[in-house]
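Engineer: Here's a sequence, model it:
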Amino acid sequence: MDFKLFLNFRAKLLLSLMLVVLVVTGTTAYLVEQNAQARYQEALDAKFQEQMRLFSALQETGRRAVLEKCRAVSRSVRLRAALEENDAEDLYQNAATELQDLFDANSSVKPNLDSQVPRALFFRFVGSNGRVVSPGDFPAGTVVKGSLDQALASSGRALDDAADQTIGYIAANNRKDLGALREVVLTKIVDWNGRSLGGLALGFGVRDLISFERNAETISASGIWLRQRLYMNSGMSAAERETLTHALAAAIGRRPSGHFSVDYHNEPHLLFFKALAPATQFEPAYEVCLYSLGAALRQQQTLRWKIIGLGTLILAGGFIGSVFLTRELSAPVDKIVAGSVENLTLRRRAEQDLVAANRELEAALRELKATQQQVIQQERLRALGEMASGIAHDFNNTLTPILGFTDLLLERPEILKDTGEAKRFLDLLRTSAKDAASIVRRLREFYRPLETNDEIAPVDLTALVTQVVSLTEPKWRQQAQANGCTVQVKTEISPVAPVAGDESALREALTNLIFNAVDAMPSGGVITLRVTPESGQAVLQVCDSGTGMTEEVRQRCLEPFFSTKGDHGTGLGLAMVYGIVKRHGGTLDLASQLGQGTTFTLRIPFAEPAENIETEKTDAPAARSPLNVLVVDDESGTREVISAFLRCDGHSVTTASNGCEGLREFKAQPFDVIVTDRAMPEMNGDQMAGMIKLTRPDIPIVLLTGFGVATTDQPPAGIDVVLNKPVTLNTLLSTIETLRDAA
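Structural biologist: Numbers count the residues shown, from 1 in each chain. This next block holds a predicted model:
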């Protein structure tokens, strides 16, 4: 099988080389033959053009004298008077006298081509009406008067278009040779005022315009083409004349000069044509010349045989060279055929090795994917742990004032006797609790922009700074003193306009900055809070005299989970601050040097001015007629708080620990309002509300949820209002009053 492939390769290679030699030889022969024929045609064209140039020069010499003589005759007073009076006898007699050196009525000898001054064959006058003035019996050089007068009919039109003189050709009779043609010189005759009186037509015989030897091999015939008719002194058949006439009519219609191939006397010829007197006002005439291509064909035949002989020698040499070249080029193929069996064995062995390697790679890929899943799971657990630590960090910050003020109230009962101080502690406790609820809403909102449905209200930074200093006092005073150091907090507050934003979020951000400042001063120091206005913004600065930061730490301190506190830090505090500032449309700048402290600069835009700003009501709405309310929640603490809210407002409250128990209580007695939790065992709040609405679709149902569902979302089926946990006293009571009014 391999040996057959080798033979096929050698045969194809030899055939390809021979084909290349054949194509190159044939192409060369064709190009040489075409080039020789083109050069021969160019030589014929040059010869025709040279003969036309020589003839034009000779003709112009004699024609110049004729034109001047005709102009002199046209200015004769006697001729003008006779032409104007239409006196034909006097006109022709006077003209014969004037033209006696050009016209000899008794001479029948045709002048030869070497005459310096040609002899006219006739002369005629054309009147101002364009008609020929008949000479009568006067011998004006014509025998067949009717045919000549008819041929001169076009002189009237030519006379109108000519400015002074024009030269053209006419057919004097119906013959088809050159003897039927006349060359006419037409001269306009005008009076003293420039008015046209007519013209003088002087006719000459048309000679063989191109001089050639009759025995020449190349030139077969010449003639003139006039008015779609060929005039030629040669013995051609009617069929040949008709063929040449059709070919000339088509060629002259496309261009004024040129050549094309024709068959004449059963032999190929080149027919050349060129316009005679291109500026004539008569019918255009063309010189025609036939050149035989017999000599060229004989030369081409001889050249073709030479090329064939040379090509045969080249082919033979090429074929012989192809055999030797094929043998040399196929030598590597011999080696390939010899080693094909060994290569086939090696290839099969490589394929088997590749299959085994693929199996090992697939197993390694499966192990890699399993390891990747384990790493991803570990990273998720680590991220969850860091998030949990972060949440604990933020909640510890919020719980610090709650536990601190609660301990004070419990350990020092005498504070309760001071109503103002106790109320201040309770306000701080409620503020910290609200901040804890706000942390839950913003766990995943580090860099989320402030949305249109978020709470936006004017915030007084002066009051906020004072409040945060009081809230963080347990951290920067008691805890610092417990560690044996002293931390002072100074405030430098200038009057500024309120800013627009979330008071709880801004309080949390400022609290984080103060706690970080305390942690950065392990040996104590001074924390300075400044509030100043600056071009439509409020500038809040938190400066400490602590350890400061390196450039690397300063560049990364705002990244989530980046911390320099080890296990005691989560890296979420400053990231939370940055996110809050960005949500409020502000900027956060940080300046710090190692050993010289740190300064955080917050810039927050002022709030838009408003005429009437509603403030949050701190007092509960006025009590109205008591309601019978069903409270359903699986958390006992939540049931107690909600029940206490409602009982303080004078309402009657019945509680249930889950949805099934709530349905039983609903069937046992009538209720005016139902307040239920959403996530409960056995039956959740949505399911219980749907079943209650089937019986009493008009009863208001308030759904409490701790999963952060926005109150602006569409409530679930059967629910009238959704409230987020933790709910405040005013929010719950105002919602119930709104539902009562709507009902």
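Engineer: Am I right that residue 671 is in contact with residue 699?
Structural biologist: Yes: in this structure, residue 671 is within contact of residue 699 by C-beta atoms under 8 Å, at 6.9 Å. To be clear about C-beta, it is placed using only N, CA and C from the backbone, and glycine gets the same treatment.
Engineer: Tell me which of the two has more neighbours.
Structural biologist: In terms of neighbours (other C-beta atoms under 10 Å), residue 671 is the more surrounded of residue 671 and residue 699; the figures are 22 against 19.
Engineer: ok, so what distance separates the more buried one from residue 695?
Structural biologist: 11 Å (C-beta to C-beta, to the nearest Å).
Engineer: now swap in residue 81 and tell me
Structural biologist: 141 Å.
Engineer: which one of those two has more residues nearby?
Structural biologist: Remark: of residue 81 and residue 695, residue 81 carries more neighbours, 15 against 10, as counted by other C-beta under 10 Å.
Engineer: where's the more buried one, which helix or strand?
Structural biologist: Element membership for residue 81 (DSSP states H and E) is helix 77-85.
Engineer: C-terminal to that helix, what's the next element?
Structural biologist: helix 88-98.
Engineer: So what touches that following helix?
Structural biologist: With contacts defined as C-beta atoms under 8 Å, 6 or more residues apart in numbering, helix 88-98 is touched by 72-73, 76, 78-79, 82-83, 103, 105, 123, 125, 133-136, 138, 140, 200.
Engineer: Also stretch 71-79?
Structural biologist: Residues contacting stretch 71-79 (C-beta under 8 Å, 6+ apart): 90-91, 94-95, 98-99, 164-165, 187-190, 199-200.
Engineer: So for that stretch, what gets flagged as buried?
Structural biologist: For stretch 71-79, burial by neighbour count (16 or more other C-beta atoms under 10 Å) applies to 73-74, 76, 79.
Engineer: Put the alpha carbons of that stretch into PDB.
Structural biologist: Taking C-alpha atoms only, stretch 71-79 is exported to PDB below (Å, rounded to 0.1, in the frame of the first residue of the first chain):
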ATOM      1  CA  ARG A  71     -10.700  85.200 -53.300                       C
ATOM      2  CA  ALA A  72      -9.500  87.700 -56.000                       C
ATOM      3  CA  VAL A  73     -12.200  86.700 -58.400                       C
ATOM      4  CA  SER A  74     -14.900  87.000 -55.700                       C
ATOM      5  CA  ARG A  75     -13.900  90.600 -55.200                       C
ATOM      6  CA  SER A  76     -14.400  91.500 -59.000                       C
ATOM      7  CA  VAL A  77     -16.900  94.400 -59.400                       C
ATOM      8  CA  ARG A  78     -18.100  93.000 -62.700                       C
ATOM      9  CA  LEU A  79     -18.800  89.600 -61.300                       C
END
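Engineer: How far off centre is that stretch?
Structural biologist: Relative to its chain's centre, stretch 71-79 lies at 80 Å (C-alpha atoms, centre = their mean, to the nearest Å).
Engineer: Looking at it now, give me its mean pLDDT.
Structural biologist: Here stretch 71-79 scores 81 as its mean pLDDT.
Engineer: Check the gap between the closest residue to residue 717 other than its chain neighbours and residue 634 for me.
Structural biologist: Nearest non-adjacent residue to residue 717, counting by C-beta to C-beta, 6 or more residues apart in numbering: residue 690, 6.1 Å away. Applying C-beta to C-beta, the value for residue 690 to residue 634 is 18 Å.
Engineer: What segments of the stretch 51-200 of the chain are strands?
Structural biologist: Under the criterion DSSP state E, counting those that start in this stretch, strands of the stretch 51-200 of the chain are mapped to 122-127, 132-133, 165-171, 181-190, 196-205.
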